[in-house]
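**Q** requesting a structural model of the entry that follows:
(one chain, ligands or ions: 1)
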Amino acid sequence: MSMEKYNLKKLIPILALVLVAVLTAGCAEEIPEVTPTPSDGEETPTATPTPEPTGKTVAEKFDGEIIGIESGAGIMSSTEEAMSEYDLEDDYELIEGSTAAMQAALDRAIQREEWIVVTLWEPHGAYTNWDLCNLEDPQEIYQTGEGDHVSTVSRNDFKDDYPAVYEFLQQWEITADTESQFIYDYSIEGMEAEEIAENWINENSDKIEEWSSAFEGVTPPDETIIIGVPPWDESPPKASVIKQILEEEGYDVETQEMDIGIIYNQMAEGEMDFLLDAWLPVTHEEYWDRFSDDLEEVNVNMPDTYLGLVVPQYVCDAGITSIEDLDPDTNTDRYE
Ligand code: PBE
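**A** Numbering: from 1, shown residues only. All right, here's what the predicted structure looks like:
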């Protein structure tokens with residue numbers, strides 16, 4: 001037996017085995033999948049489509065808008081901070097405008113019973129005019145600590161130039177109810193600031209006389225006193241009260257309406273004398289940090305305030321009672 005023949009004979013069964021193995025493997029791959037047949041009485045689960053949720057998300061109900069006022073107001077920067085802290089930035093836009101535009105939007109929405117959320121503060125005549133609800137602010141963004149008081153703030157050397165006026169301003173104050181009434185009469189009744197002021201002066205002549213002892217024996221200087229008046233409804237009547245009292249004492253007084261940031265700047269530069277509407281320490285914190293070296297807080301002229309996000313009462317009744325409830329990621333309720 002030659003070597004070749006022996007080898008070939010031996011190889012045949014091996015090759016055969018390999019062939020069988022390959023064929024088997026090929027067949028195995030082709031084995032059809034066995035579909036289980038349902039046994040009696042058992043239902044095959046079929047995929048049911050999830051129903052589209054009905055109603056709107058909380059952000060959709062508010063049209064993705066928070067209605068603000070003019071951009072320089074402190075309540076606007078507080079609201080930006082609130083939107084970041086309460087995670088509202090993706091779902092809401094803060095709309096800039098004016099106090100008048102905000103109130104017009106509020107009026108329109110309430111007439112149609114639509115949802116609306118606005119920046120608002122107390123005292124304010126809007127609370128007399130509409131049934132409103134203040135949203136809770138658990139993170140105390142608007143009401144840090146004790147919250148704000150309203151102060152009279154002057155340029156630093158005002159007290160040296162006008163000591164009697166300064167002494168008078170150190171005493172002048174009004175109540176929250178008075179300020180609220182001023183706003184109501186001015187923005188809702190449409191009365192002139194001068195007339196509102198005149199009425200208040202007539203009703204408070206005793207107090208004014210007492211505070212005015214500061215002016216006894218004083219000759220007013222020739223220069224004109226300039227009062228900064230921000231574009232809020234309480235400000236023109238308040239400024240007019242002081243203007244009328246000082247004019248009565250022989251001073252020249254001018255009121256200048258401008259945005260709050262410009263007023264702080266002008267006072268710090270010595271071009272404006274005082275402001276009756278400094279909301280401190282929270283709402284005007286940024287301005288105070290920037291300009292307080294050149295300014296002086298003369299007196300708290302109104303002690304109690306509130307600032308925040310406010311909705312019509314029917315929105316609170318529907319379950320939106322806190323700023324937290326505005327976030328559609330955590331408040332997944334749907335509203336009709
Ligand atoms: N306000 C009225 C002011 C303070 C008082 C709320 C418009 C502001 O935001 O700066």
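
**Q** C-alpha from now on. contacts and neighbour counts both.
**A** Will do.

**Q** so what touches stretch 194-207?
**A** Residues external to stretch 194-207 that are found in contact with it (Cα atoms under 8 Å, 6 or more residues apart in numbering): F182, D185, Y186, I208, P237, K238, S240, V241, Q244.

**Q** whoops, stretch 313-327 was the one
**A** 58-59, 86-88, 91, 113, 115, 131-138, 309, 331.

**Q** could I have the buried ones of those residues as ChimeraX selection syntax?
**A** Those of these that count as buried under 16 or more other Cα atoms under 10 Å are selected in ChimeraX with:
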select :58,59,86,87,88,91,115,132,133,134,135,136,137,309
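
**Q** show me the contacts of stretch 313-327 that map onto strands.
**A** In strands, defined here by DSSP state E, the members of these are L132, C133, N134, L309.

**Q** now do the contacts for the third one.
**A** In other words, N134. Applying Cα under 8 Å, 6+ apart as the definition, the contact partners of N134 turn out to be G308, L309, V310, V311, T321.

**Q** what parts of the stretch 151-300 of the chain come near the ligand?
**A** Proximity of the stretch 151-300 of the chain to the ligand is confined to W232, W279, T283 under the rule Cα under 6 Å from any ligand atom.

**Q** mind putting the ones in strands among the contacts of stretch 313-327 into CSV with pLDDT and distance to the ligand?
**A** Formatted as CSV, the entries for those read as follows, by pLDDT from 0 to 100; distance: Cα to the nearest ligand atom, whole Å:
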residue, pLDDT, distance to the ligand
L132, 97, 16
C133, 98, 16
N134, 97, 14
L309, 98, 11
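
**Q** my read is that Y184 contacts T128, right?
**A** Yes. Proximity of Y184 to T128 meets the contact threshold set by Cα atoms under 8 Å, at 7.5 Å.

**Q** more neighbours: which of those two?
**A** The neighbour comparison of Y184 against T128 (other Cα atoms under 10 Å) goes to Y184, with 22 against 14.

**Q** where does the stretch 151-300 of the chain get nearest to the ligand, which residue?
**A** Of all residues in the stretch 151-300 of the chain, W279 sits closest to the ligand, with a separation of 5.4 Å (Cα to the nearest ligand atom).

**Q** what about that residue, how many neighbours?
**A** Residues lying near W279 (other Cα under 10 Å) number 22.

**Q** list the beta-bridge partners for it.
**A** Here W279 sits in beta bridges with V150, as judged by DSSP bridges.

**Q** with Y335 instead?
**A** K56.

**Q** what pLDDT is listed against it?
**A** Y335 is assigned 95 on the pLDDT scale.

**Q** that one and F62 touch, don't they?
**A** No. Counting by Cα under 8 Å, no contact exists between Y335 and F62, whose distance comes to 10.7 Å.

**Q** the two - which one has more neighbours?
**A** Shown here are Y335 and F62; by other Cα under 10 Å, F62 has more neighbours (18 against 13).

**Q** residues contacting the more buried one?
**A** The neighbours of F62, taking Cα under 8 Å, 6+ apart as the test, are W115, I116, V117.
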